[in-house]
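**Q** Mind folding the following:
(chains A and B)
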Amino acid sequence: MKHERSSDGGFDDYAASRWPVLVRSAYLLGCSASDAEDVAQSVLLQAFRHWRRVSTAISPDAYVHRMLINESRRHLRRKPLGAAVDTGPSRPSDIDPDTRMDVRHALAQLPEDQRAVLVLRFFNDLSVTETAAAIGVAAGTVKSRTSRGLDLLRAMELGKADSST
Amino acid sequence: MNEDDLRLALKREAAVVQPGALPHIGGREEYDRRRLAGVTLAALALGGSLAVAAWIGLHGYASSGQSVGFATDGESSSGDVVPAGCQGHSAAVSILEDAYPDYSSLEDLGLDVASRTQALSVDSAEVGRITPRAAVVILMSDGSVVAIVEAHPSIAAPSRWEPYSLQTCG
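**A** As a prediction, this is how the structure comes out:
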């Protein structure tokens, strides 16, 4: 028998294609690898429940990423105090060869809103407009958060460089 | 660090994570174990006694691959027989009405069955997960999930559901 939901907007295809990206995004937002899968599953279930609305949105990805940001935030806030963001132990392999930083650890040091903007823009490759829609803020706010986030990362990078010399 | 550096670094970092297959289940044996637990918990959440719920879970488990009956009244073990090809919506409504005979409509329960199930058929599969506010009705005629039903928070639910991924067996 035909799977009617597939013909009703392609949820299955969407879920299959976005699953890895959603998991990895949640990971960059601070969830552990296994928690990131849970978060991504919850997001897909929400998307399934509201699929008609999601699939007809101007940018379904922005809609789903908004769910992801919110779900990740909820998940991280449920963590015990002091364990809000999982960065895992820093290993030599975590250090990016170009930036010489443990990028995920550095992201975890950023304010939540800046971290979300950087992940959406530079990992998910959302435009400023899409990022603004995903987070529910103005485009100008996305730009300023991007700028501040990058500044902080640069400062951390410089700090690393200084401490290693 | 410029934008391109960050983009590259993020993609490298994210590539470390290799997501499991969707849904996240660990092989057939693990799937069966979780399905048994899931069906039983779902039956409990829908108001069944532990014994009935266990029967539903066991019966559903044992009957995978064929039409199965779901008892919801605590007396009969025949329940509703869901033939292959039956729409999940009517089956779910029937079961819920049996489970909650005092309610004039499912809306009174805060159950939004139609939007979840009307497009599903017995042999369809959905990605899902039991959450603290969702019960899952699982009807198996061919080992498939046919209905995902969101339960009102007032319906008693275990404090912590085990994450449970739903996928077709076939």
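**Q** From now on I want contacts and neighbour counts done on CA atoms only, so please keep to that.
**A** Fine.
**Q** Count residues in the vicinity of residue 11, would you?
**A** Going with chain A. 21 (other Cα atoms under 10 Å in any protein chain shown).
**Q** look at chain B instead
**A** Residue B:11 is flanked by 17 other residues according to other Cα under 10 Å.
**Q** Tell me how far it lies from residue A:72.
**A** Computed as Cα to Cα, to the nearest Å, the residue B:11 to residue A:72 distance reads 19 Å.
**Q** can you check residue A:65 too?
**A** Separation of residue A:65 from residue A:72 (Cα to Cα): 10 Å.
**Q** Not counting residues beside it along the chain, what's closest to residue A:65?
**A** Closest residue to residue A:65 apart from its sequence neighbours, by Cα to Cα, 6 or more residues apart in numbering or on different chains: residue A:134 at 5.9 Å.
**Q** you'd agree that neighbour is up against residue A:58?
**A** No - distance between residue A:134 and residue A:58: 11.2 Å, which falls outside the contact criterion (Cα atoms under 8 Å).
**Q** measure residue A:56 to residue A:11 for me?
**A** 12 Å.
**Q** what does the helix or strand where the residue nearest to residue A:65 lies rub up against?
**A** Under the criterion of DSSP states H and E, residue A:134 resides in helix A:128-135. Contacts with helix A:128-135, where a contact means Cα atoms under 8 Å, 6 or more residues apart in numbering or on different chains, come from A:59, A:62-66, A:69, A:117, A:120-121, A:138-139, A:141-143.
**Q** Around residue A:73, how many other residues sit close by?
**A** Here the number of neighbours of residue A:73 (other Cα under 10 Å) works out to 20.
**Q** Quick check: which element contains it?
**A** Assigned by DSSP H and E, residue A:73 belongs to helix A:60-78.
**Q** count of residues packed around the residue nearest to residue A:65?
**A** Applying other Cα under 10 Å, we find 25 residues neighbouring residue A:134.
**Q** And for residue A:104?
**A** Residue A:104 has 25 neighbours, counted by other Cα under 10 Å.
**Q** likewise the one 5 residues further on?
**A** In terms of burial, residue A:109 registers 17 neighbours under the definition other Cα under 10 Å.
**Q** sorry, back to before: could you give the average pLDDT over the helix holding residue A:73?
**A** Across helix A:60-78, the average pLDDT comes to 88.
**Q** Repeat that for stretch A:40-55.
**A** Averaged across stretch A:40-55, pLDDT comes to 76.
**Q** neighbours of the residue of chain A found nearest chain B, just the number please.
**A** When scored by Cα to the nearest Cα, chain A has residue A:122 as its residue closest to chain B, at 4.7 Å. When neighbours are defined as other Cα under 10 Å, residue A:122 has 20 of them.
**Q** For it, list the residues it contacts.
**A** Contact partners of residue A:122, counting by Cα under 8 Å, 6+ apart, are B:3, B:6-7, B:10.
**Q** try residue A:137
**A** Counted by Cα under 8 Å, 6+ apart, residue A:137 has zero contacts.
**Q** wait, what's in contact with the residue nearest the centre of chain A?
**A** Central residue of chain A (Cα atoms, centre = their mean): residue A:25, 3.7 Å from the mean position. Residue A:25 makes contact with A:36, A:119-120, A:123-124, B:14 under the criterion Cα under 8 Å, 6+ apart.
**Q** Among these, name the ones in helices.
**A** In helices, defined here by DSSP state H, the members of the contacts of residue A:25 are A:36, B:14.
**Q** that older thread, next, the buried residues of the helix holding residue A:73.
**A** Neighbour counts over helix A:60-78 (16 or more other Cα atoms under 10 Å in any protein chain shown) mark A:60-73, A:75-76 as buried.
**Q** how many degrees apart are it and helix A:128-135 in direction?
**A** Our comparison of helix A:60-78 with helix A:128-135, counting by axes from the mean of the first three to the mean of the last three Cα atoms, to 10 degrees, yields an angle of 50 degrees.
**Q** Next secondary structure element downstream of helix A:60-78?
**A** That would be, after helix A:60-78 and using DSSP H and E, helix A:103-109.
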